[in-house]
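[1] Build the 3D model from these lines:
(one chain, ligands or ions: 1)
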Amino acid sequence: MKAQPAASHFIDGAYVEDTAGAVIEVIYPATGAVIARLHEATPALIERAVAAATRAQTAWAATRPVERARILRRAADMIRDRGEDLARLETLDTGKPIQETRVADWPSGADALEYFAGLAPTVTGETIPLGGDFVYTIREPLGVCVGIGAWNYPSQIACWKSAPALALGNAMVFKPSEVTPLGALKLAEIYIEAGLPAGLFNVVQGRGAVGAGLITDPRVAKVSLTGSVPTGRKVYAAAAEGMRHVTMELGGKSPLILFDDANLDDAVGAAMMANFYSAGQVCSNGTRVFVQRGLKEAFLSRLKARAQAMVLGDPLDDATHMGPLVSEAQLAKVMGYIDTAKAEGARLITGGARAAANTGYFVQPTVFADVTDDMTIAREEVFGPVMAVLDFDTEAEAIARANATEFGLAAGVFTADITRAHRVIGQLQAGTCWINAYNLTPVEAPFGGMKASGVGRENGHAAVQHYTQVKSVYVGMGPVDAPY
Ligand code: NAD
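    Residues are numbered from 1 along each chain as shown. Okay, the predicted model is just below:
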């Protein structure tokens with residue numbers, strides 16, 4: 001199986017190669033086979049990408065928003081028309097099952113292109129009357145934005161960042177994760193085919209150092225990172241040095257609180273989706289499942305039966321529910337967390353081992369019960385199919401324990417009591433919350449974290465603030481009153 005792109009990078013409207021850059025091997029996680037060989041961007045290529053973006057952005061900012069929108073909408077249609085091929089490529093890049101990549105990854109990216117195409121022409125300033133004199137404001141693009149992606153939703157992330165950036169008149173240089181470099185190149189191709197002027201969306205490959213090189217370029221106005229908290233701290237600090245705008249979409253350890261009166265099947269289904277979708281490699285996952293004591297035994301027995309019925313296997317098979325983890329390194333990390341959970345006294349309900357039938361990086365869907373707040377799996381982001389179930393008695397206790405973390409990305413509550421649902425959500429420190437649902441992230445809704453989980457928001461009207469800046473223009477209508 002091969003998925004070799006025409007070249008490693010896409011700069012100024014065309015594929016570009018420079019074999020002087022260190023090699024990146026792209027591995028299909030279901031088999032461990034190398035499916036493509038790419039090169040990291042050299043300083044010369046980074047320079048070309050930023051120069052192309054800088055040049056193209058000026059004319060783009062002066063283009064009517066409806067014209068920009070038309071191109072993005074065309075690109076969205078092309079993504080949908082090529083859905084099956086793109087889903088297959090995403091599965092090869094990430095190992096996620098085709099039944100997910102068909103409905104979640106690129107489709108959600110296409111939604112973002114369509115949404116920001118519709119939104120951009122409606123973005124206007126305001127007029128502030130001062131009785132004669134007045135002020136008007138203009139929302140201007142920031143300029144050249146850098147996007148840096150994680151490996152768990154590579155194509156969705158490329159779309160979620162580039163769609164608002166481009167729709168609002170910016171250019172972007174995007175660096176995908178070195179683990180999943182393929183999807184962003186397809187997006188660059190599609191944008192060009194849809195009529196986007198060359199230089200507005202460039203893809204450069206590389207590890208962290210390439211990302212670091214982009215952020216400190218004086219022509220760059222903003223960086224939007226999706227990644228872990230430790231990387232976020234470094235990128236935020238590097239951006240601060242040049243006073244650049246930032247959006248930080250970072251990790252989490254989100255609480256999912258299930259009250260006794262919750263619908264049992266819905267609660268079990270949500271907890272599974274919140275821990276096993278994409279083999280648990282979702283930033284907003286509800287990985288601390290707080291179950292009220294009255295629901296606990298029924299919840300665990302239903303959960304165990306359903307988890308054991310999950311189908312692991314060839315991600316390209318329509319019937320497969322869960323694929324492998326993205327890499328050997330991630331496999332080692334997740335197995336380490338499973339071993340630690342056992343050693344620290346968590347009770348294994350199901351899973352807890354590699355899935356034997358495969359050569360790839362498969363881990364069984366795993367559930368630990370009797371997890372306490374001080375255990376490592378209750379505190380650190382595992383990023384694998386490992387659910388931690390914690391018991392609680394009272395509402396106040398659940399809220400306090402849910403908030404006792406440095407993270408604040410997401411949170412969910414399941415209950416039949418509507419006033420309780422809103423009361424609890426009102427007290428949770430999390431940027432993205434659900435009531436009787438989990439992990440649904442439509443482009444219409446702002447998405448992002450509080451506390452260490454990030455700053456800024458992607459999607460929704462909120463994203464406009466993060467890809468534009470306000471210019472305030474005072475207009476004097478009378479004589480200048482100078483006292484000297
Ligand atoms: P990571 O932090 O290791 O890497 C993220 C990206 O940053 C990669 O492209 C990497 O090459 C780059 N990078 C690394 N060091 C850098 C540096 N010093 N300067 C610039 N760029 C640098 O994260 P990952 O392992 O790719 O992804 C998993 C993490 O991402 C998890 O913590 C997950 O929660 C988080 N995530 C968050 C969201 C969200 O929207 N909040 C979404 C998906 C994933």
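
[2] Pro479: how many residues sit nearby?
    6 (other Cβ atoms under 10 Å). Every residue, glycine included, has its C-beta placed from N, CA and C.

[3] what residue ranges in this protein are flagged as low confidence?
    356-358 (pLDDT under 70).

[4] Could you list the residues of it in contact with the ligand?
    148-153, 175, 177-178, 207-208, 211-212, 226-228, 231, 234-235, 249-252, 283, 381, 383, 409, 449, 454 (Cβ under 6 Å from any ligand atom).

[5] one more time with 5 Å
    Selection of the chain residues close to the ligand by Cβ under 5 Å from any ligand atom yields 148, 150-152, 177, 208, 211-212, 226-228, 231, 234-235, 249, 251, 283.

[6] so what does the longest helix belonging to the chain touch, helix or strand wise?
    Among the elements of type helix in the chain, defined by DSSP state H, the one spanning the most residues is helix 43-61. Helix 43-61 is packed against strand 9-11, strand 134-141, strand 144-148, strand 171-175, strand 201-203, helix 208-215, with contacts defined by 3 or more Cβ pairs under 8 Å, 6 or more residues apart in numbering; DSSP states H and E.

[7] hang on, the earlier thing: filter the residues of the chain next to the ligand down to the ones in helices?
    With helices identified by DSSP H, the entries of the residues of the chain next to the ligand that belong to them are 208, 211-212, 231, 234-235.

[8] before we move on, back to that, how about whichever helix or strand comes after the longest helix of the chain: buried residues?
    The helix or strand immediately downstream of helix 43-61 is helix 65-81, counting by DSSP states H and E. Taking 16 or more other Cβ atoms under 10 Å as the neighbour-count basis, helix 65-81 is seen to contain the buried residues 65, 68-69, 71-76, 78-79.

[9] Could you check the angle helix 65-81 makes with helix 43-61?
    120 degrees (axes from the mean of the first three to the mean of the last three Cα atoms, to 10 degrees).

[10] Report the distance from the next helix or strand after helix 65-81 to the chain centre.
    Scanning the chain past helix 65-81 towards its C-terminal end, the next helix or strand to appear is helix 83-94 (assignment: DSSP H and E). Counting by Cα atoms, centre = their mean, to the nearest Å, helix 83-94 is centred 17 Å from the centre of its parent chain.

[11] ok, residues contacting helix 83-94?
    Outside of helix 83-94, the residues that reach it under the criterion Cβ atoms under 8 Å, 6 or more residues apart in numbering are 1, 3, 26, 28-29, 35, 79, 96-98, 101-102, 105-107, 151-152, 154-155, 180-183, 186, 278, 315-316, 323, 326.

[12] Are any of those residues buried, and if so which?
    The neighbour-count test (16+ other Cβ under 10 Å) applied to the contacts of helix 83-94 identifies 26, 28-29, 35, 79, 96-98, 101-102, 105-107, 151-152, 154-155, 180-183, 186, 278, 315-316, 323, 326 as buried.

[13] Among those residues, which lie within strands?
    Among those, the members falling in strands (DSSP state E) are 26, 28, 35.

[14] still on that earlier bit, dump the helices and strands packed on helix 43-61 into CSV; add mean neighbour count as well.
    Listed next are the helices and strands packed on helix 43-61 as CSV, based on neighbours: other Cβ atoms under 10 Å:
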stretch, mean neighbour count
strand 9-11, 27
strand 134-141, 15
strand 144-148, 27
strand 171-175, 28
strand 201-203, 30
helix 208-215, 20
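
[15] will you turn the ones you listed into JSON lines that also has distance to Glu114?
    JSON lines is the format used below for the helices and strands packed on helix 43-61 (distance: least, Cβ to Cβ, whole Å):
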{"stretch": "strand 9-11", "distance to Glu114": "22"}
{"stretch": "strand 134-141", "distance to Glu114": "20"}
{"stretch": "strand 144-148", "distance to Glu114": "19"}
{"stretch": "strand 171-175", "distance to Glu114": "18"}
{"stretch": "strand 201-203", "distance to Glu114": "16"}
{"stretch": "helix 208-215", "distance to Glu114": "28"}
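
[16] Nearest approach to Ala274 belongs to which of those?
    Of all the helices and strands packed on helix 43-61, the one in closest proximity to Ala274, counting by Cβ to Cβ, is strand 144-148 (25.6 Å).

[17] Could you tell me the single residue of the stretch 51-200 of the chain that sits nearest to the ligand?
    Using Cβ to the nearest ligand atom, Ala150 is the residue of the stretch 51-200 of the chain that sits closest to the ligand, at 3.2 Å.

[18] residues of the strand or helix carrying Ala240 that come out buried?
    Element membership of Ala240, judged by DSSP H and E, is helix 229-241. Residues of helix 229-241 classed as buried: 229, 231-232, 235-236, 238-239 (neighbour count, 16+ other Cβ under 10 Å).
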